[in-house]
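# coords please:
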Amino acid sequence: MAVITVSRHFGAGGWTLGEKLAKRFGYRCIHEGMITEVAAKAKVTSEQIRALEEIGADKLMRFLHKLVKTSYVERLTSDKYGFVDEKIYVDTVRNIIQELYEQGDVVIIGRGSQYILKGFANTWHLLLVGDLPDRIRFVMNKYQLSESEAEKGIKKRDQTRTRFLNFFSESKSHDDPLLYDLVLNMSRISMEKVEQLVEDLIFK
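The predicted model follows:
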């Protein structure tokens with residue numbers, strides 16, 4: 001029962017690969033749906049989780065204080081409505097990912113899983129990277145965006161990824177190859193070849 005984690009630069013095809021590997025091996029693929037599960041366990045809304053992932057807990061609360069009435073912020077942080085800070089978030093995500101590990105046969109896309117499951121038996125960590133022009137073309141085709149929109153989106157998502165992974169590690173580089181079992185430059189390798197490489201790595 002293997003577990004595969006997929007970390008990726010936006011536009012390198014991480015979601016696409018994760019879904020293809022899950023289908024190829026008969027595994028589950030976990031990505032955006034985890035937001036709903038984290039929100040349910042922390043007793044908050046999915047929107048609060050997304051905001052935390054995007055800008056962090058301190059900035060989120062400062063933003064709320066500027067945007068809405070104090071009574072509403074107090075409601076959000078009360079025991080009745082639930083409140084999520086970085087510690088609660090990290091603990092919740094860690095628990096969910098460790099539960100997924102125990103169940104096995106799963107591909108986990110992102111969510112700091114390469115840190116949470118580091119050193120766990122029969123777990124394989126992948127990192128997908130790519131040259132910026134190739135990532136821009138991928139995003140343009142996948143999301144029907146202009147070149148400038150795609151480039152802007154990639155830069156924003158790269159910054160968000162760094163802030164997000166800082167929740168789980170103070171590593172100087174979240175792309176340190178020693179964190180991963182396989183680093184894949186998608187500008188050089190086809191998706192089909194990557195699928196075969198991963199299969200050979202895990203099952204042969």
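# from here on, just use CA atoms for contacts and neighbour counts.
Noted.
# tell me which helix or strand I4 sits in.
Using DSSP states H and E, I4 sits within strand 3-8.
# report all helices and strands that that strand contacts.
The contact analysis (3 or more C-alpha pairs under 8 Å, 6 or more residues apart in numbering; DSSP states H and E) places strand 3-8 against helix 14-25, strand 106-109, helix 113-116, strand 123-129.
# could you list the buried residues of the helix or strand hosting V93?
Assigned by DSSP H and E, V93 falls within helix 86-103. Using 16 or more other C-alpha atoms under 10 Å as the test for burial, helix 86-103 gives 86, 89-90, 92-94, 96-98, 100-101.
# for the helix or strand where S148 lies, what is the distance to the chain centroid?
Secondary structure from DSSP H and E places S148 in helix 147-165. Remark: helix 147-165 is offset 13 Å from the chain centroid, using C-alpha atoms, centre = their mean, to the nearest Å.
# go on, stretch 155-172?
Worked out by C-alpha atoms, centre = their mean, stretch 155-172 lies 10 Å from the chain centre.
# give me the buried positions along that stretch.
So for stretch 155-172, counting by 16+ other C-alpha under 10 Å, buried means 157, 160-161, 164-168.
# which of these sit farthest apart?
R157 and F168 (17.3 Å; C-alpha to C-alpha).
# low-confidence stretches in this protein?
Along the chain, the parts satisfying pLDDT under 70 run over 32-36, 38-39, 41-45, 48-49, 51-86.
# how does it divide into domains?
Split into domains by automatic domain parsing, the chain comes to 3-31+86-203, 37-76.
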